[in-house]
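[1] heads up, no residue letters with this:
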């Protein structure tokens, strides 16, 4: 699912929300359901298919490939809730 983030109410462009995930991750599935339920648009990147994405995750998650890892604009979040993503989006 490729899309852009929800636009803030002040008409500034919204920062991109990218969710780094891997197949079989139950935490990723849970986060995807939360994002869909809240209507938060995002882009999904499978770290097993994209070595550069895996490197980004390691740089955020202290050398680990912990997923889901989410980028909201330039803010990296490791295994966040949808509320944490929305808070980062509001602060961007």
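    It's in. The structure presented is a predicted model; accordingly, all values stated were derived computationally and were not measured.
[2] Just give the closest residue to residue 59, not the sequence neighbours.
    Leaving out its chain neighbours, the residue that sits closest to residue 59 by Cβ to Cβ, 6 or more residues apart in numbering is residue 76, at 7.9 Å. Just so you know, the C-beta spots here come from the backbone N, C-alpha and C atoms, and that holds for glycine as well.
[3] mind listing what's buried in stretch 63-80?
    Within stretch 63-80, the residues that count as buried by 16 or more other Cβ atoms under 10 Å are 66-72, 75-80.
[4] The residues you listed in helices, which ones?
    Among the buried residues of stretch 63-80, the subset assigned to helices under DSSP state H is empty.
[5] Quick check: the gap between the residue nearest to residue 59 and residue 66.
    Separation of residue 76 from residue 66 (Cβ to Cβ, to the nearest Å) stands at 11 Å.
[6] Give the buried residues for the helix or strand encompassing residue 59.
    Here residue 59, judged by DSSP states H and E, is contained in helix 51-60. By 16+ other Cβ under 10 Å, the buried positions in helix 51-60 come out as 53-54, 56-57, 60.
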